[in-house]
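Asks: Mind looking at a prediction? Sequence and model below.
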Amino acid sequence: MKNKWKILIVDDDLSISRSYQKYLGSEGYTVFTADDGRSGFMMIEKERPDLVLLDINMPVKTGLELLEDLNRVFEKKDMPLIIMLTAYGDLDAAIKAMSLGAYEFLTKPVPLEKLRSTVECALETLTLKERVAYFIEPDSTPFKDTIIGRDPLMVDIYKTIGTLKGNKATVLVTGESGTGKEMVAKAIHENTVPGEPFIAINCAAIPENLIESELMGYVKGAFTGATANHDGKFELVKGGTLVLDEISEMPYDFQTKLLRVIQERDFYPIGASDKKRFNGRIVALTNKNLKELAENGKFREDLFYRLNVISISVPPLRNHMNDLEMLILHFIKKANFTQNTAIQSITKEAVDYLRSHTWPGNIRELENTILHASVKAKDKILTRDSFSSFLVPEKKDQSSAGTRQNTVDDLVMPEKLMPLRDVEKNYIEFVLRQTNWHKGKTAELLGITRPTLDKRIEEFGLHKDV
Ligand SMILES: Nc1ncnc2c1ncn2[C@@H]1O[C@H](COP(=O)(O)OP(=O)(O)OP(=O)(O)O)[C@@H](O)[C@H]1O
Ligand SMILES: [Mg+2]
């Protein structure tokens with residue numbers, strides 16, 4: 001493979017250029033030499049080397065002058081990689097060379113092993129460049145956190161959102177965890193009443209006895225501790241959007257009251273004798289099958305039908321993989337914007353690798369994966385290696401994983417053997433990352449109880465790192 005690379009050495013010290021030529025030649029590269037800046041330039045035009053080892057102090061034309069000529073004559077994409085060879089004390093010239101686009105500088109005398117590894121690294125970046133699938137243009141469009149996707153399944157969602165303008169119809173948004181339900185709720189808001197309040201509450205996170213006062217509000221003296229009037233979310237949201245996340249967890253008793261608010265569009269704050277109008281739109285979110293819960297008596301059926309007037313089903317990522325590339329680029333930009341990373345491109349292999357994953361955690365998992373890889377990347381390019389340490393390749397037929405017995409063949413074995421404890425630790429950490437540290441889901445996937453999971457997390461000292 002190496003003989004496909006051409007290297008030119010430009011140095012007036014013939015003993016040096018000969019020894020480098022011999023050494024790099026024995027490594028399999030095709031090597032030319034030139035002994036001053038002018039003949040070096042002619043050689044570059046004639047042979048089009050991939051990489052030039054360029055001395056700075058030379059007769060006729062110096063290395064820096066040659067570099068200036070190259071910048072004038074060649075387009076950036078046609079420039080060979082330049083590694084400057086500098087004598088001790090040439091630091092200013094070396095810095096100038098870097099500003100003229102040199103890749104690296106080496107101080108002479110360069111140990112041969114160092115020469116080899118620097119050349120190899122430099123050429124590796126060329127290999128990567130050839131393989132790049134996408135460049136992220138730094139200032140093309142600034143990052144904007146909006147909903148991404150052009151798949152027909154997503155386009156259907158946009159169409160439904162389009163019909164909501166001018167009305168206050170309740171919307172039920174369903175979809176697996178991490179598919180973008182909240183993103184859809186925001187898009188509904190932005191496209192209908194952007195100037196009004198947007199309020200989101202998570203029904204699973206508010207204690208049962210507080211949900212009523214949170215939503216309805218209360219008047220002074222309504223109960224012990226109600227020392228002043230308190231406006232609830234139904235009031236605070238005004239003509240805006242009230243998102244009820246994890247609606248399946250809404251206390252059963254309160255569901256009747258919610259139904260009434262939706263039907264009558266008014267409500268009584270706790271302890272109040274006058275009712276108030278509800279002017280907002282309710283958008284309810286769930287990753288559960290609400291209809292099934294209603295049929296099994298776990299959710300009020302009348303409320304289900306009332307919420308389900310307009311329903312939007314957000315597809316799992318595996319059903320709109322056409323959007324994968326757009327989403328990847330969007331999240332690289334997001335990482336550059338929010339984490340201050342400077343990723344400029346991603347290779348085709350990396351994209352193919354991400355495509356081979358089935359994304360059980362959906363878009364959230366993709367986002368976390370890209371953010372994580374961007375932060376950890378040593379270079380400005382994301383490669384397959386940027387992901388392989390924490391994204392285990394899967395088998396394509398995983399969609400049926402739930403119905404068949406898992407076997408040892410489903411596991412990707414570590415390259416070197418390790419104690420069972422380490423395997424356990426690594427695997428728990430892996431599943432936690434996949435679920436974005438959703439402990440309930442992690443315990444479920446691992447088939448252990450939540451307290452056992454907590455114990456393991458503590459024992460192994462695991463913690464969320466991005
Ligand atoms: N279509 C999309 N375009 C851009 N970003 C998206 C899209 N869908 C989801 N995201 C991003 O993925 C992450 C998860 O999305 P979101 O919180 O909306 O998912 P969710 O369906 O509400 O998940 P959960 O059920 O777990 O609450 C967010 O950071 C969001 O910005
Ligand atoms: Mg959500």
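Replies: That came in fine, so what should we check first? Ligands and ions are numbered 1, 2, ... in the order given.
Asks: What number of residues are in the vicinity of the residue of the stretch 201-350 of the chain found nearest ligand 1?
Replies: Taking Cβ to the nearest ligand atom, ligand 1 has its nearest neighbour within the stretch 201-350 of the chain at N287, 4.5 Å off. C-beta coordinates here come from the backbone N, C-alpha and C atoms, glycine included. The number of residues packed near N287 is 18, by other Cβ atoms under 10 Å.
Asks: Enumerate every residue touching the nearest residue to it once chain neighbours are set aside.
Replies: Leaving aside its chain neighbours, N287 sits nearest to S177 (4.9 Å; criterion: Cβ to Cβ, 6 or more residues apart in numbering). Contacts for S177 (Cβ atoms under 8 Å, 6 or more residues apart in numbering) come out as N287, G361, N362, R364, H438, K441.
Asks: helix/strand/coil for S177?
Replies: Secondary structure state of S177, per DSSP: H, G, I helix; E, B strand; the rest coil, is coil.
Asks: Any figure for the gap between it and V314?
Replies: 11 Å (Cβ to Cβ, to the nearest Å).
Asks: Please apply the same query to Y158.
Replies: 12 Å.
Asks: So for these two, which residue has more residues nearby?
Replies: More crowded of Y158 and V314, by other Cβ under 10 Å: V314, with 27 against 14.
Asks: Next, give phi and psi for the more buried one.
Replies: phi -90, psi 120 (degrees, to the nearest 10).
Asks: Neighbouring strands - and their directions - for the worst-scoring helix or strand of the chain on mean pLDDT?
Replies: Lowest on mean pLDDT, DSSP states H and E among the helices and strands of the chain sits strand 132-135, with a mean of 70. When sheet partners are counted by DSSP bridges, strand 132-135 sits next to strand 345-347 (antiparallel).
Asks: roughly how far out does the partner strand sit from the chain middle?
Replies: In terms of Cα atoms, centre = their mean, to the nearest Å, the centre of strand 345-347 is set 13 Å apart from its chain centre.
Asks: try stretch 252-264
Replies: For stretch 252-264, the distance to the chain centre is 39 Å (Cα atoms, centre = their mean).
Asks: buried ones in that stretch?
Replies: For stretch 252-264, a neighbour-count test (16 or more other Cβ atoms under 10 Å) marks F254, Q255, K257, L258, L259, V261, I262 as buried.
Asks: Could you give the average pLDDT over that stretch?
Replies: What stretch 252-264 shows for mean pLDDT is 95.
Asks: Show the contacting residues for the residue of the chain found nearest ligand 1.
Replies: Closest residue of the chain to ligand 1, Cβ to the nearest ligand atom: G180 (2.5 Å). Residues near G180 by Cβ under 8 Å, 6+ apart: I147, V314, N362, I363.
Asks: Mind doing that once more with 10 Å?
Replies: Shown in contact with G180 (Cβ atoms under 10 Å, 6 or more residues apart in numbering): 147-149, 154, 157, 173, 186-187, 314-315, 317, 327, 362-364, 367.
Asks: In helices, which of those appear?
Replies: Residues of the contacts of G180 located in helices (DSSP state H): M154, I157, K186, A187, L327, N362, I363, R364, E367.
Asks: how about these in a markdown table, adding distance to ligand 1, pLDDT and neighbour count?
Replies: Converted to a markdown table, the ones in helices among the contacts of G180 look like this (distance: Cβ to the nearest ligand atom, whole Å; pLDDT from 0 to 100; neighbours: other Cβ atoms under 10 Å):
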| residue | distance to ligand 1 | pLDDT | neighbour count |
| --- | --- | --- | --- |
| M154 | 7 | 92 | 19 |
| I157 | 9 | 93 | 23 |
| K186 | 8 | 96 | 19 |
| A187 | 9 | 94 | 18 |
| L327 | 6 | 95 | 20 |
| N362 | 7 | 96 | 21 |
| I363 | 4 | 97 | 26 |
| R364 | 4 | 96 | 20 |
| E367 | 5 | 96 | 20 |
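Asks: and which of these is nearest to D92?
Replies: Distance to D92 across the ones in helices among the contacts of G180 (Cβ to Cβ) is lowest for E367, with 44.4 Å.
Asks: Give me the three-state assignment for A284.
Replies: Per three-state DSSP, A284 ends up strand.
Asks: thought it was touching E249?
Replies: No: counting by Cβ atoms under 10 Å, A284 does not reach E249; the two are 11.2 Å apart.
Asks: between those two, what contacts are shared?
Replies: Counting by Cβ under 10 Å, 6+ apart, the residues touching both A284 and E249 are C203.
Asks: okay, the two: which has more neighbours?
Replies: A284 (29 against 17).
Asks: What's the local residue count around the nearest residue to that one once chain neighbours are set aside?
Replies: In this structure, A284 finds its nearest non-sequential neighbour in I247, 4.0 Å apart by Cβ to Cβ, 6+ apart. Using other Cβ under 10 Å, I247 has 26 neighbouring residues.
Asks: I'd guessed I247 sits against F299; true?
Replies: Yes: counting by Cβ under 10 Å, I247 does reach F299; the two are 8.2 Å apart.
Asks: any weak-confidence spans in the chain?
Replies: The chain contains residues with pLDDT under 70 at 1-3, 89, 128-131, 133, 137-141, 390, 392-416, 465-466.
Asks: try it again with 50
Replies: 395-404 (pLDDT under 50).
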